[in-house]
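Q: Structure for this input, please:
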Amino acid sequence: MENRILIFAPTGQDAALTAKVLAMAAIDTCICATLADLGEELERGAGAVLTVEEALAPGAFQLLQGCVAHQPDWSDLPILLLTHRGADSPAVRQAVAGLGNLALMERPVRTITLITALHSTLRARNKQYQIREAARRKDEFLASLGHELRNPLAPIRTSVSLLTHLYPDAAPVRRIRDMVERQVRLLTRLVDDLLDVARITSGKITLQPQQASLASVINHASELCQQAAEDKRIHIAWQLPPQEVMLNIDYARVVQICANIVSNAVKFTPQGGHVVVRARVDGDDLVVSIRDDGIGLEGHTIPRIFRMFEQSKTVNGQFSSGLGIGLSLSRQFAEMHGGSVEAYSEGMGKGSEFVIRLPVLNHDGVRDAIPLAQQAGTDGRRMQVLVVDDNEDAADSLTALLEIDGFDARAVYDGAAAVAAVQAQAPDMIIMDLGMPGMDGYDTARAIRGIAGAERILLLALTGWGQGDARRRTVEAGFDHHLVKPVELDQIVRLAGARQNRDQVQAAR
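A: The predicted structure is shown next:
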């Protein structure tokens, strides 16, 4: 299919004769009799398009130009245009200017010349397909790597939380806990960035809009950046509008946009420097400016800093830490919201300014607070939780943390044991890993939902896979929520509390 030559010559016998000649050379062709046929076949895939000058009426040119403009990064669709001898018509000049990978051949064309040209074209097109396949394998590798890295992060974070509960007043433990928490947060952000690269390049990221206040976004971004700023004695000034500003946004992505850019400003600002974050309302847009007095940017480098995996030198002349993808992700997430991210600088040594613009203001929005769990069932008993994970360290540490926080928790280590536990005594909530060997989390969830009375159980999927298809499969299997490792205890508590409040309302009716 993808090695076909699409022939678009809707008048005369050129198309049929050309297809017959190319068939003798074992070149697969498809004749497109109408413009609609050409559009449909381009959607199905093509090795190249072979057309003639007189077919390039405005409709055909616009169709081909649109296809060229919107093709994926790996693709550069070859177009061969047969022209009249010595012709330099407006149609040909327009094609040269607007159709990208275009080759002109004057008619009459010798058969051997056309065949060799198409063989060469298909050979180059196959190289593009190889690049696409390499990119697909890279994305699959990054997704798998993220999953594998998240698995050990989960018990590490949970164990650190246990230390906080067990030794709240021990200074040495507190220092170790703080250090581990910082490193886990850093590693988690790196893993998330890697996965976001894979999702964006494969088109698997979709925004999940919700109502949120600007203050909550900025507070969250501040938490993510504050430690790095304190380590360098950099003062960050946060200046927000006096009125509450409600947004209709993908909360996590907008926090990521702001945190990535503020973190970048901290990274490229010397010890004792200053960063000013100023947010304002401009019509129906939110404008956030991040200005620093750091090393600045040369004008010609500004477009380059938004490229994926671009690394720059810090204040000490060393290449910066990290993966070089934060600014690229920030710009892409802003553009997915219909906004933009731009950078400005007066030159080296004169600091930088990044401006985020998001057309997402919602002046009439109202946000409802999410209640915290009360860790008790509707009848006053402790909420019963079943943790299911083949990683015993992860299961046991999460169970211990839940117990300390007031839940009645226990752990099992495979799907069959989880089904048996529910049959013996159904818990209020199940937190289950998806990637278990044998009976995986999806099959286990379906089996549990088939048990009488199990429909009331709050079923949480816990996994290193955050892609949209994994979330879709969890919903289809009967899970209520999809949590990505390493999960915060507060997130589980909020979901448990929301379910309890709903059950209490229903019981009161």
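Q: His26 is in what secondary structure piece?
A: Careful, residue 26 is Ala and not His. Secondary structure assignment for Ala26, by DSSP states H and E: no helix or strand.
Q: I meant to write Ala411 there.
A: strand 408-412.
Q: what ranges do the strands span in the stretch 151-300 of the chain?
A: 210-213, 235-239, 246-249, 274-282, 285-292 (DSSP state E, counting those that start in this stretch).
Q: How about the third one, which residues are buried there?
A: Of the residues in strand 246-249, those with enough neighbours to count as buried (16 or more other Cβ atoms under 10 Å) are Met246, Leu247, Ile249. Yep, even glycine has a C-beta here, placed from its N, CA and C like the rest.
Q: Kindly reformat the residues you listed as CSV containing pLDDT and distance to Cys258.
A: Below are the buried residues of strand 246-249 laid out as CSV (pLDDT from 0 to 100; distance: Cβ to Cβ, whole Å):
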residue, pLDDT, distance to Cys258
Met246, 85, 16
Leu247, 86, 12
Ile249, 88, 11
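Q: As TSV, these with distance to Thr164 would be great.
A: As requested, these are exported to TSV (distance: Cβ to Cβ, whole Å):
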residue	distance to Thr164
Met246	34
Leu247	32
Ile249	32
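Q: what about Arg132, helix or strand, and which?
A: Using DSSP H and E, Arg132 falls within helix 111-166.
Q: what is the mean pLDDT for that helix?
A: Here helix 111-166 scores 84 as its mean pLDDT.
Q: can you start the count at 107 instead of 1 from here on
A: Sure, I'll start numbering at 107, so the last one becomes helix 217-272.
Q: Which elements pack onto it?
A: helix 120-130, strand 154-158, strand 185-189, strand 208-212, helix 277-307, helix 498-510 (3 or more Cβ pairs under 8 Å, 6 or more residues apart in numbering; DSSP states H and E).
Q: what angle do that helix and helix 277-307 make?
A: Going by axes from the mean of the first three to the mean of the last three Cα atoms, to 10 degrees, helix 217-272 is angled at 160 degrees with respect to helix 277-307.
Q: For Glu239, find the nearest of the helices and strands packed on helix 217-272.
A: With Cβ to Cβ as the criterion, Glu239 lies closest to helix 277-307 of the helices and strands packed on helix 217-272, at 13.2 Å.
Q: So which elements touch the closest one?
A: Packing partners of helix 277-307 (3+ Cβ pairs under 8 Å, 6+ apart): helix 217-272, helix 320-337, helix 432-442.
Q: out of those helices, nearest to Ile537?
A: Across those, closest to Ile537 is helix 217-272 (Cβ to Cβ), at 10.8 Å.
Q: Tell me how far the closest one lies from the chain's centre.
A: 13 Å (Cα atoms, centre = their mean, to the nearest Å).
Q: now it against strand 185-189, angle please.
A: 150 degrees.
Q: So Ala166 is in contact with Phe114, correct?
A: Yes. The criterion here is Cβ atoms under 8 Å, and Ala166 meets it with Phe114 at 6.9 Å.
Q: Mind checking which of the two has more residues around it?
A: Between Ala166 and Phe114, counted using other Cβ atoms under 10 Å, Phe114 has the larger neighbour count: 26 against 20.
Q: Using the record's domain definitions, break the protein down for me.
A: Annotated domains of the chain cover 111-215, 248-307, 316-464, 490-614 [automatic domain parsing].
Q: Which stretch among these approaches Arg238 most closely?
A: Across the domains of the chain, Arg238 has its closest neighbour in domain 111-215 (4.3 Å, Cβ to Cβ).
Q: coming back round to it: need the overlap of contacts for Ala166 and Phe114.
A: Residues touching both Ala166 and Phe114 (Cβ atoms under 8 Å, 6 or more residues apart in numbering) are Leu144, Thr157.
Q: quick one: which helix or strand includes His588?
A: Going by DSSP H and E, His588 is part of strand 587-590.
Q: So what are the sheet partners of that strand and their directions?
A: Here strand 587-590 is paired, per DSSP bridges, with strand 564-569 (parallel).
Q: circling back to that earlier point, output the helices and strands packed on helix 277-307 in TSV; the columns should cover mean neighbour count and distance to Arg555.
A: Listed next are the helices and strands packed on helix 277-307 as TSV, based on neighbours: other Cβ atoms under 10 Å; distance: least, Cβ to Cβ, whole Å:
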stretch	mean neighbour count	distance to Arg555
helix 217-272	16	24
helix 320-337	17	34
helix 432-442	20	34
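Q: got a markdown table for these, with distance to Cys136 too?
A: Shown next, in a markdown table, are the helices and strands packed on helix 277-307 (distance: least, Cβ to Cβ, whole Å):
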| stretch | distance to Cys136 |
| --- | --- |
| helix 217-272 | 13 |
| helix 320-337 | 51 |
| helix 432-442 | 35 |
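Q: right, so of these, which gets closest to Val590?
A: Among those, the nearest to Val590 by Cβ to Cβ is helix 217-272 (7.1 Å).
Q: got the angle for the closest one vs strand 208-212?
A: 180 degrees.
Q: in this protein, which helix or strand is least confident?
A: Least confident element among the helices and strands of the chain, by mean pLDDT, DSSP states H and E: helix 595-614 (a mean of 70).
Q: Dump the helices and strands packed on helix 217-272 to TSV, plus mean neighbour count, mean pLDDT and distance to Arg243.
A: Output for the helices and strands packed on helix 217-272, formatted as TSV (neighbours: other Cβ atoms under 10 Å; pLDDT from 0 to 100; distance: least, Cβ to Cβ, whole Å):
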stretch	mean neighbour count	mean pLDDT	distance to Arg243
helix 120-130	15	91	32
strand 154-158	24	94	25
strand 185-189	21	93	29
strand 208-212	15	92	31
helix 277-307	16	74	11
helix 498-510	20	86	28
